[in-house]
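pasting a predicted model and its sequence here:
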Amino acid sequence: MLPLLSPDPGPLLLVPDAVWLPDGPAEDHAVVVTGAAFTDVGPAARVLRDHPGLSPVRLPGCALLPGFVDAHHHLTQSFGSALAFGEPSEIFRRVWVPLEGALDEESAYVSAKLAAWEALRGGFTTVADAGTRAPIDVEAVASAARDAGLRCVLGAICNDADDSGADDVLARADKHLARYASDPLVHPSLAVSIPEAATEPTLTALARLAAEAGAVLQIHVNEHLAAVERSLVRHGLRPLEHLHRLGVLGPHLLAAHATLLTPRELALLRDTGTAVSYNPVASAWKGNAVAPALLMAEEGIRFGLGTDGTRGDAFRLLDAAETAQRLTHGLASGDSSCGGGWTWLDHGTRLGADAVGLGTKAGVAGVRTGVVSAGSAADFLLVDLTVPELAASHDLPWELLRRGNRDQITGVFTGGRLRLWHGRPLNWDGPALVARARELAADVVGRAPIVRVHKPSTEAAR
């Protein structure tokens with residue numbers, strides 16, 4: 001049994017069996033956590049010698065991993081879940097927009113906190129939220145993430161193609177960037193639902209604002225064939241080509257999905273330093289294609305792994321990332337490795353953090369996550385290596401990719417604080433949140449003008 005660590009912040013000297021460094025797991029290592037950051041990481045003998053005033057907490061049978069980064073999420077869609085299962089693509093028009101439109105401050109908060117807890121339970125310490133369409137102050141979402149203990153790159157929707165004036169949208173974007181510029185857990189981001197949802201001058205201006213602030217601009221790009229065809233009809237260009245013409249591509253842009261890419265578009269991503277969120281579960285559940293992530297990795301295109309709110313389980317996401325590449329590319333070419341376990345672990349942690357603006361060149365708040373190193377945010381997991389799935393491991397990266405489970409996560413830390421122990425929050429009432437979520441979800445879904453193609457599965461089966 002591991003000792004239950006205190007949820008209160010304070011200097012910690014942890015000595016697990018293995019510490020996951022940028023180049024893989026290292027035995028006989030230790031870390032020191034002071035405040036919100038790692039202040040020392042190195043060989044256990046040296047760290048113990050350099051910190052004689054700290055009592056070491058030994059964690060036998062345990063690995064210390066950086067927390068995973070979900071590069072694409074929709075926190076206020078958690079009440080919908082199975083409403084989208086088995087539905088044709090572009091469900092945002094028939095399900096998500098109506099659902100979010102029916103949320104109020106309380107239901108948006110509870111929905112987001114429910115999603116945040118699920119993410120933390122699944123090993124994600126950071127999520128990039130692509131913005132809510134709920135008619136609320138986005139602080140409800142920020143508060144939910146903060147109260148749950150989840151680090152959040154929080155998008156503010158800046159659409160203006162329908163009825164919002166460009167000046168009003170840009171003023172709100174400026175205000176959002178300033179509002180969370182120094183928040184310890186919430187990092188501001190700008191968002192446009194899809195390229196056609198914002199006017200061309202606004203897209204250009206938002207890209208400039210994001211770049212100047214060191215923030216990311218999130219846009220769903222090339223997710224569905226219908227969106228690509230609409231862009232061709234309207235502009236004579238595919239979505240990424242259109243954004244490039246407007247000067248929107250660059251290191252500040254996080255292009256969500258990017259599944260339907262031509263060789264020219266791949267070159268544009270590479271040459272501009274644009275980042276992508278690769279969302280393999282979303283492709284399997286509701287997409288038209290799978291992003292060519294292995295090719296992106298070989299070409300040096302920046303990308304992280306995203307759930308798109310499908311399920312908050314980092315280990316299953318890693319497995320899906322590799323499996324999708326194996327099914328779409330590896331089988332046909334005889335590639336039995338498909339990037340190896342390390343590729344997907346890297347893109348789920350440190351490279352995912354880079355994609356959402358919290359990497360080596362940290363964003364607005366100067367926070368770096370996704371890696372266990374001195375000076376980085378102390379966002380990490382304690383993973384039990386004594387479970388049957390991992391006890392006989394000969395290659396930990398592959399084992400975690402193929403056999404890792406969220407029930408193997410003993411502790412989850414963000415900002416140096418223990419947030420979950422064996423999946424349960426320590427300083428707030430999880431069961432009460434679930435009970436309230438059940439009540440609110442029934443009410444919200446009952447009121448929302450959601451249109452589904454299929455009946456619920458039990459009805460359809462009968």
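Good, I have the coordinates.

show the contacting residues for Ala320.
Neighbour list for Ala320: Pro280, Val281, Ala284 [criterion: C-beta atoms under 8 Å, 6 or more residues apart in numbering]. In this view, the C-beta of every residue, glycine as well, is placed from N, C-alpha and C.

would you list the buried entries among these?
Pro280, Val281 (16 or more other C-beta atoms under 10 Å).

pick out the lowest-pLDDT one from the contacts of Ala320.
Least confident of the contacts of Ala320 in the model: Ala284, at 92.

element containing it?
Ala284 belongs to helix 280-286 when elements are defined using DSSP states H and E.

in terms of secondary structure, what does that helix contact?
helix 314-325 (3 or more C-beta pairs under 8 Å, 6 or more residues apart in numbering; DSSP states H and E).

buried stuff in the helix it packs on?
So for helix 314-325, counting by 16+ other C-beta under 10 Å, buried means Ala314, Phe315, Arg316, Leu317, Leu318, Asp319, Ala320, Ala321, Glu322, Thr323, Ala324, Gln325.

so can I have CSV of these showing distance to Lys175?
Formatted as CSV, the buried residues of helix 314-325 follow (distance: C-beta to C-beta, whole Å):
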residue, distance to Lys175
Ala314, 33
Phe315, 38
Arg316, 37
Leu317, 33
Leu318, 37
Asp319, 40
Ala320, 37
Ala321, 36
Glu322, 41
Thr323, 42
Ala324, 39
Gln325, 41
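
pick the one among the residues you listed closest to Ala145.
When the buried residues of helix 314-325 are compared for distance to Ala145 (C-beta to C-beta), Ala314 wins out at 16.6 Å.

what score does that closest one have for pLDDT?
At Ala314, pLDDT is 98.

next up, the contacts around it.
Phe68, Asp70, Gly122, Gly123, Phe124, Gly348, Arg406.

one more time with 7 Å, if that's ok
Neighbouring residues of Ala314 by C-beta atoms under 7 Å, 6 or more residues apart in numbering: Phe68, Gly122, Gly123, Phe124, Gly348.

now do Asp17
Glu27, Pro60, Gly61, Cys62, Ala63, Leu385.

next, it: secondary structure please.
strand (DSSP: H, G, I helix; E, B strand; the rest coil).

relative to Asp346, how far out is it?
21 Å (C-beta to C-beta, to the nearest Å).

what of Thr76?
When Thr76 is compared with Asp346 (using C-beta to C-beta), they lie 30 Å apart.

swap in Ala26?
15 Å.

and if you look at Gly415?
22 Å.

Ala119 now?
Counting by C-beta to C-beta - Ala119 and Asp346 are separated by 20 Å.

who has more neighbours out of these two?
Ala119 (31 against 22; other C-beta atoms under 10 Å).

many thanks, I have nothing further to ask.
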